[in-house]
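K.L.:
Model the structure of this input:
(chains A and B)
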Amino acid sequence: MDNSTKQYDAVIVGGGWAGSALAYRLASANKKVLVLEAGIAIDGLVTNPDENQLITGNRAEFMNDFFMAMAKTPESPYVQNYNAPRPAVLDIQPIPPFTLDNPAQLPAGAPPPATIDCADPKVSIKNNGYFIQRGPVPFGSTYERRGGGTSWHWLGTSLRMLPNDFKLKTVYNQAVDWPIGYEDLSDYYDQAEFEIGVSADVDEQQIHGITFSEGYVYPMAKIPATILDNTMDAGLAGQTFDGSSLKVTGTPAGRNGVPNQMKNGEFYDNGRRQCQGNTNCTPICPIQAKYDATVTMAKALMTGNVDIIYQAVATNITLDMTTMEVTGVEYKTYETTGGPCTGTFTATGTKYIVAAHAIEAAKLLLMSNTQIPAGVANYSGQVGKNLMDHPMYLGWGLMPKPVYPFRGPLSTSGIEGTRDGAFRSERASFRIEIGNEGWNWPGGAPYNQVIDVVSPMPPDQSGTPTVGIFGTALRQSIQSNFTRQFRIGFLIEQLPDADNCYIVPSKTCFDNLGVPRPEIYYDFDVYTMEGFKAAAAATDFIFDTLGVENNTGVPVGNGGVFKYEGVKYYAQGAGHVMGTHRMGTTGDDSVTDANMKSWDHDNLYIVGCGSMPTTATSNPTLTMTALAFKAADAILQSFA
Amino acid sequence: MTLDEFVSLSAALTGYPAVTLKPQNDTQQIAATLFAELSLASNNIPAAQLNELTQVWNSISATPPPGLPAAVQEKIIENLAITRLAQNIIYLWFFGTWYDLTKNPNSFTSPNIDHVVSPLAYTNGLVWGEMGAHPMGYSVGEYGYWANIPTLPQIN
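P.N.:
Numbering: from 1, shown residues only, chains lettered A, B, ... in the order given. Okay, here's the model as predicted:
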């Protein structure tokens, strides 16, 4: 697999979301592209008890692994790869000395010392997870490192950012503005929605100043609302919280619905199936009705202009110290998920694009080129800094009447009125996602609640048998309880915090290839915690208004616990990892310009959710796609 | 315990008719697959416990239907020596999972031998249909079905 002798127009690090979009765009313009993907091929490796054997599988086999998993986490269909490891939600725990009972009290002082035994990479990753968490709160989000990247388990939500999201400093005197505005991305949003295949209704999405071009239609019509969505819509009609409308609207989704006739008169058709409502977007859509990046990578490969090398982990970006241009990307290869390194090679091209996950991209830049101690593209010192997510607050309860959850896509509607308002001068905004999977996320449904009535937990939490219900009573209990379960999730805005939220390559802990693991420092500021407080209050208000029996308590994933003003909150990761190579208007405080070109190196671009200076409240994937297309245009122009 | 005994006991424990659990034209062989868990050595089922459950069931299985649930309640569910094993039979049918008998199923103490029996055992789990839904990741519905109210199964 040594392609090192071939000269490419562009070398892309990362075969996930941004990398696939960039490869396709550049290859379509007849550029020769090499993609280095750290993980396994698109139809990649299945669970493999012997990590020294390489077994390739397909979506059906991923499904098999999912069916067989006791904990059906986002990672459950995808095997761990010790040569390109990924984090897992089951590893998210309070960071010593903090515990579930005595969590970090925020705002905190210095982070606690973390001692981690990582002498044996496989044992350490297996037992403690991939991240070296330094806290004070654990970073709660995960990602996949394989062909198609994290798109394997994205939810599909494809919301545009709001015009005010681009100018948080100007409008609310918070954090920083983006170097671009909504109007600069509007056309790219159109293109991104076409590439992904988004189902939504234009009229419904014209909120908070979002505008669409004349005659624009989404590729497919809005996904039908669930019974839960309609129940909440009716129950919350005309209601407001903290001055924001609680109107329920359909969520634009990258999953196939009913094709629309596009502006050019043709009906949209991407050749894939309609959503069958498997209620399984995360961790895996069984029928690929939900878009994932492998779709775009397949098109890129079909141009004949793209080579991709899987199992190629980029480890070093080399520079010409006179011109400061990038001269190559060194990468290590391996043959099995637990086997040894099989070689080190260098890929060369005219342009270089780091399109890896926000954490991996920052890690690569920081560990590259030891002639510059700060790392590549890091004159600003901002690489790896400003790590952000949409920390989530979950509220759950029982509706007074059946709403029939566990049917349809995982989420079809949300409350978007709370995403912008004068309150953003004081506290984080949020959007409210309505979940169609009952208490599956917060409560481990249906398992935990059935067990609660069949084998009630004894007071001493022991394995002593207890007497529960069975037969007809059990069936009645399931019908009565599970048909009324629902949850809402608040995606809370987080501001960039260079001093307290950042990643560095570990100096002491490595993966199986000897590549440093990400050491993560993470915290919530008062702005975000006020957002949690408001989310809890909004949950109470919404549940009271709807007559809901409020069951919000300790969620099954409780490792993200923290205390604010004496109250415990349980933050969940959204998987929306942003900010680690932010773009900006000057090289003093940002890593790239608005085209995602490094301020420091003329032929280096860094593209992904890490490019985002602030988080807004929209799930970032659609915006990342728009940014990738914007960068692709700039790269193509730079060849001219 | 024989397969027939397992199916009739399962019907009493789950509240589903035996013919639903083991249809005449049994293409998926779910009952046989779940029954095999009772003889799986790695499940560490104490022989005395399985024998007692079998004997107790055989002693009450001929009880006329109106009185059968009360007999199951008294002789099996409230009998702490065998109730935990009976609960596992419920979980086999509703979830397709086997839980380590030495701990509460909602406890995640490790190591444990909790496991999903097979992909078919998961997708045939009764809990999903009971609530008018489908196993997560295994829908046979058509686009948009979720906008319509489902019919829940009749409980006799």
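K.L.:
Helices of chain A, start to end?
P.N.:
A:17-28, A:59-68, A:121-128, A:168-172, A:182-196, A:202-205, A:227-235, A:293-302, A:358-367, A:440-443, A:447-454, A:471-482, A:526-546, A:621-639 (DSSP state H).
K.L.:
To residue A:242, which of those helices lies closest?
P.N.:
helix A:526-546 (6.4 Å; Cβ to Cβ). Quick note: C-beta positions are derived from backbone N, CA and C, even for glycine.
K.L.:
Identify each buried residue in the closest one, please.
P.N.:
Using 16 or more other Cβ atoms under 10 Å in any protein chain shown as the test for burial, helix A:526-546 gives A:526-536, A:538-539, A:541-543, A:546.
K.L.:
Please apply the same query to stretch A:76-85.
P.N.:
A:76, A:77, A:78, A:79, A:80, A:81, A:82, A:83, A:84, A:85.
K.L.:
The fourth one against residue A:336, yeah?
P.N.:
What it means is residue A:79. No: Residue A:79 is not in contact with residue A:336 according to Cβ atoms under 8 Å; the separation is 11.0 Å.
K.L.:
Report pLDDT for whichever residue of chain A sits closest to chain B.
P.N.:
Per Cβ to the nearest Cβ, residue A:408 is where chain A lies closest to chain B, at 2.9 Å. pLDDT recorded at residue A:408 is 98.
K.L.:
dump the residue contacts of the closest residue in space to it that isn't next to it in sequence.
P.N.:
Counting by Cβ to Cβ, 6 or more residues apart in numbering or on different chains, residue A:408 lies nearest to residue B:146, which is 2.9 Å off, once chain neighbours are set aside. Contacts for residue B:146 (Cβ atoms under 8 Å, 6 or more residues apart in numbering or on different chains) come out as A:224, A:226, A:227, A:277, A:404, A:407, A:408, A:409, A:412, A:436.
K.L.:
what sits against the closest residue to the fourth one other than its chain neighbours?
P.N.:
The shortest distance from residue A:277 to any residue other than its chain neighbours is 4.4 Å, reached at residue A:408 (Cβ to Cβ, 6+ apart). Contacts for residue A:408 were tallied using Cβ under 8 Å, 6+ apart; they are A:224, A:226, A:277, A:279, A:436, B:145, B:146, B:147.
K.L.:
Please name the bridge partners of residue A:396.
P.N.:
With DSSP bridges as the criterion, residue A:396 is bridged to residue A:487.
K.L.:
Quick check, pLDDT for it.
P.N.:
For residue A:396, pLDDT reads 98.
K.L.:
count of neighbours near it?
P.N.:
26 (other Cβ atoms under 10 Å in any protein chain shown).
K.L.:
Might you report the residue contacts of residue A:8?
P.N.:
Neighbours of residue A:8 in contact, by Cβ under 8 Å, 6+ apart: A:32, A:33, A:34, A:307, A:347, A:348, A:349, A:350.
K.L.:
could those residues be laid out in TSV, adding pLDDT, distance to chain B and neighbour count?
P.N.:
Formatted as TSV, those follow (pLDDT from 0 to 100; distance: Cβ to the nearest Cβ, whole Å; neighbours: other Cβ atoms under 10 Å in any protein chain shown):
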residue	pLDDT	distance to chain B	neighbour count
A:32	98	40	18
A:33	98	34	26
A:34	98	35	24
A:307	97	34	18
A:347	97	38	25
A:348	97	43	18
A:349	97	40	22
A:350	98	44	17
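K.L.:
what's the farthest-apart pair in the residues you listed?
P.N.:
Pairwise over the contacts of residue A:8, using Cβ to Cβ, the maximum falls at A:307 and A:350, 14.9 Å.
K.L.:
can you point me to the longest strand in chain A?
P.N.:
strand A:341-354 (DSSP state E).
K.L.:
Show me which residues of it are buried.
P.N.:
A:341, A:345, A:347, A:348, A:349, A:350, A:351, A:352, A:353, A:354.
K.L.:
Neighbouring strands of it in the sheet, and parallel or not?
P.N.:
Strand A:341-354 pairs in its sheet with strand A:7-13 (parallel), strand A:326-334 (antiparallel), strand A:604-606 (parallel), by DSSP bridges.
K.L.:
hey, which of those strands is tucked in deepest?
P.N.:
strand A:604-606 (a mean of 28; mean count of other Cβ atoms under 10 Å in any protein chain shown).
K.L.:
what about residue A:321, neighbour count?
P.N.:
Applying other Cβ under 10 Å, we find 11 residues neighbouring residue A:321.
K.L.:
pLDDT weak spots in chain A?
P.N.:
A:1-5, A:44-56, A:110-111, A:113-114 (pLDDT under 70).
K.L.:
One more: chain B?
P.N.:
Using pLDDT under 70, chain B has no residue that qualifies.
K.L.:
which SS class is the residue in it that chain A sits nearest to?
P.N.:
At 2.9 Å from chain A, residue B:146 is the closest residue in chain B, using Cβ to the nearest Cβ. Secondary structure, DSSP: H, G, I helix; E, B strand; the rest coil: residue B:146 is helix.
K.L.:
can you tell me how far it sits from residue A:264?
P.N.:
31 Å (Cβ to Cβ, to the nearest Å).
K.L.:
From residue A:622, how far off is the closest residue to residue A:112 other than its chain neighbours?
P.N.:
Once flanking residues are discounted, residue A:112 sits nearest to residue A:97: 5.3 Å by Cβ to Cβ, 6+ apart. Computed with Cβ to Cβ, the distance linking residue A:97 and residue A:622 is 40 Å.
K.L.:
So which of these two has more stuff around it?
P.N.:
Per other Cβ under 10 Å, whichever of residue A:97 and residue A:622 has more neighbours is residue A:622, with 24 against 11.
K.L.:
what sits against the more buried one?
P.N.:
Per Cβ under 8 Å, 6+ apart, neighbours of residue A:622: A:157, A:158, A:159, A:160, A:189, A:192, A:193, A:196, A:198, A:252, A:254.
K.L.:
If we use 10 Å, what do you get?
P.N.:
If a contact means Cβ atoms under 10 Å, 6 or more residues apart in numbering or on different chains, then residue A:622 has A:157-161, A:185, A:188-189, A:192-193, A:195-196, A:198, A:252, A:254 as its contacts.
K.L.:
Could you count how many residues lie near residue A:264?
P.N.:
5.
K.L.:
wait, residue A:311
P.N.:
With other Cβ under 10 Å as criterion, residue A:311 counts 27.
K.L.:
try residue A:6
P.N.:
12.
K.L.:
circling back: looking at the helices of chain A, spot the one closest to residue A:595.
P.N.:
Closest to residue A:595 of the helices of chain A, according to Cβ to Cβ: helix A:621-639, at 3.6 Å.
K.L.:
can I assume residue A:234 is in contact with residue A:247?
P.N.:
No: using Cβ atoms under 10 Å, residue A:234 is not in contact with residue A:247, being 11.3 Å away.
K.L.:
And these two? Which one has more around it.
P.N.:
residue A:247 (16 against 10).
K.L.:
can I assume that one is in contact with residue A:235?
P.N.:
No: using Cβ under 10 Å, residue A:247 makes no contact with residue A:235, being 11.6 Å away.
K.L.:
Around chain B, which positions in the stretch 1-150 of chain A sit nearby?
P.N.:
A:63, A:64, A:65, A:66, A:67, A:68, A:69, A:70, A:71, A:72, A:77, A:90 (Cβ under 10 Å from any Cβ of the partner chain).
K.L.:
Fine by me, thanks again.
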